[in-house]
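Q: coords please:
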Amino acid sequence: MTSIRSRLLLILLAATGAIWLCAVLWAQHNTRAEVIRVLDRRLEESARMVASLIGEGGVGVEIAGRALSHAGPEGMRRQLSCQVWGLDGQYIGGSQGAPAQQLGDGDGFSETYVDGEQWRVFTLEEPGLGFRVMVGDAVAMRDHLVSGVVKGLAVPALLVLPLLAALIWVIVGRGMAPLDRLGRALAGRGHADLGPLDDRGAPRELRPMLDSLNGLLARVSSARERERNFTAFAAHELKTPLAGLRTQAEIARLAPDEATRAYALLQIERGVKRSDRMVRQLLEMAAVDRDTPQGPKRDAAEVLRGTVVELTPLADRRGVTLSINALPGLWQTDRPPLLHAALRNLLENAIEASPEGTTVDTELSRDGQTVRFSISDRGPGIAEALRPRVTERFFRASNSGTGSGLGLAIVAAAMERMGGTLSLSARSGGGEHAELILPA
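A: Numbering: from 1, shown residues only. Here you go, the predicted model:
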């Protein structure tokens, strides 16, 4: 399992270690260069000191060579060797322990091998005095000295790394503390606790996540409230028709004559149809509340024609004619089930409200980036005082008892999911005019 704490710690340790390593390497390089420069300057100054003692002070070569034992820090003095040669190649003298082989043959700095060992030499020529002074030291000694200085810098730097890692661990832990508190707050909640999380004192970086979590909790709470209301309403609405069916079944069983039995059976048939419609609408409402995902696109005219064909038997039984005006290719929907549910309930309501011998008109049109589905009937229409409430769940605009009060609620919910709107208005000449308005 991926850990933000571990990942952050590794990133910080790697970055800090890399920067620390670069700093140590840079310090080592600079220190090495500085130590070598100091050693070279020591060779040059020692050669000039010997030349000055011999030329101006009249000191002998052996005495001048011994003076090198006091030049430079302890540990470096014993390694210096001095030779004095005439310009004609004649050996004049040198310091105690100096090699017999000539150390250099040119003015300035040079490197040479003496008895298989590499030396660094500075040669100073004095043409006016007729000699040249050569002062050198072994390169191995130099490397040993440089390594000692570099180790003196590197070892403390490396020892600091574990302390730095521990400090980073503590800092990361402090930085992750708000996330830990959030995790404990969520873990300590019960399944029914969907209230917002307290964001007081939360870091700025956590606020977007807290806002998203609080938004999610609010949506879940709203969905659960809708489910509870839906279950309560459904239980109440289904109880009445089922009680009626039971009563009519008892009447049919105990009917004293055939006419009474036939009437009771007819009422049972009507009750079953109403219950079937209510159950279907309850399922459609549940499906709309769940919000079906986008699927393959379908032509809107095809969806409308399919709905009209589906409800033609109902219209025929009620003596109502359905007309359709929908050209294919005007628009394609990626939510065919939602559009079908909205059209079916709207058209079904129009058929139920239409008197026998009338027509229900359906039309699909497009105006720029707006698509409209229009359904008009010639029924009694909706009273203006009730119009704002007709999309409430289980609200009936009439007391006929034929409807479930879910049809227009399903239409409004489907339009909300699709980003559209439901418009209801009185039809000129009587009846109701409904429009589904959707973005193209």
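
Q: Show me what counts as buried in whatever helix or strand Val371 lives in.
A: Assessed by DSSP states H and E, Val371 sits inside strand 370-376. Across strand 370-376, burial judged by 16 or more other C-beta atoms under 10 Å covers 371-376. Yep, even glycine has a C-beta here, placed from its N, CA and C like the rest.

Q: For it, the averaged confidence score.
A: Averaged over strand 370-376, pLDDT sits at 95.

Q: Please save the CA atoms from it in CSV.
A: Extracted C-alpha coordinates of strand 370-376, given in CSV (Å, rounded to 0.1, in the frame of the first residue of the first chain):
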residue,chain,number,x,y,z
THR,A,370,-31.8,24.4,-27.8
VAL,A,371,-33.9,21.3,-28.4
ARG,A,372,-37.6,21.2,-27.5
PHE,A,373,-40.1,18.4,-27.0
SER,A,374,-43.6,19.7,-27.0
ILE,A,375,-46.7,17.8,-25.9
SER,A,376,-50.2,19.4,-25.9
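
Q: Which parts of the stretch 201-350 of the chain are helices?
A: Counting by DSSP state H, counting those that start in this stretch, residue ranges of the helices within the stretch 201-350 of the chain are 207-254, 258-290, 300-317, 336-353.

Q: Single out the most deeply packed of those helices.
A: Highest mean neighbour count among the helices of the stretch 201-350 of the chain (mean count of other C-beta atoms under 10 Å): helix 336-353, with a mean of 23.

Q: Three-state assignment for Pro355, please.
A: Taking DSSP: H, G, I helix; E, B strand; the rest coil as the rule, one finds Pro355 in the coil state.

Q: okay, the helices of the stretch 201-350 of the chain in JSON lines with distance to Asp180 next?
A: JSON lines is the format used below for the helices of the stretch 201-350 of the chain (distance: least, C-beta to C-beta, whole Å):
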{"stretch": "helix 207-254", "distance to Asp180": "14"}
{"stretch": "helix 258-290", "distance to Asp180": "35"}
{"stretch": "helix 300-317", "distance to Asp180": "52"}
{"stretch": "helix 336-353", "distance to Asp180": "43"}
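
Q: Out of these, the one nearest Glu392 is which?
A: Proximity to Glu392, assessed across those by C-beta to C-beta, is greatest for helix 207-254 (10.6 Å).

Q: for the closest one, packing partners?
A: Using 3 or more C-beta pairs under 8 Å, 6 or more residues apart in numbering; DSSP states H and E as the contact criterion, the neighbours of helix 207-254 among helices and strands are helix 258-290.

Q: one step back: quick check: angle from the strand holding Val371 to helix 300-317?
A: Using axes from the mean of the first three to the mean of the last three C-alpha atoms, to 10 degrees, the interaxial angle of strand 370-376 with respect to helix 300-317 works out to 10 degrees.

Q: outside of strand 370-376, which residues touch it?
A: For strand 370-376, the surrounding residues in contact (C-beta atoms under 8 Å, 6 or more residues apart in numbering) are 300, 304, 330-331, 343, 346-347, 350, 360-366, 427, 431-440.

Q: in terms of contact, does Ile324 touch Thr362 like I think?
A: Yes - under the contact definition of C-beta atoms under 8 Å, Ile324 touches Thr362, with a separation of 4.8 Å.

Q: and for the two, which residues touch both?
A: Shared contacts of Ile324 and Thr362, counting by C-beta under 8 Å, 6+ apart, come down to 304, 308.

Q: ok, which stretches of the stretch 1-150 of the chain are strands?
A: In the stretch 1-150 of the chain, the segments counted as strands under DSSP state E, counting those that start in this stretch are 81-86, 91-94, 108-114, 117-126, 131-138.

Q: mind putting the ones you listed in a markdown table, mean neighbour count, mean pLDDT and distance to Met415 included?
A: Listed next are those as a markdown table, based on neighbours: other C-beta atoms under 10 Å; pLDDT from 0 to 100; distance: least, C-beta to C-beta, whole Å:
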| stretch | mean neighbour count | mean pLDDT | distance to Met415 |
| --- | --- | --- | --- |
| strand 81-86 | 22 | 86 | 101 |
| strand 91-94 | 17 | 84 | 108 |
| strand 108-114 | 14 | 87 | 91 |
| strand 117-126 | 19 | 89 | 92 |
| strand 131-138 | 25 | 89 | 94 |
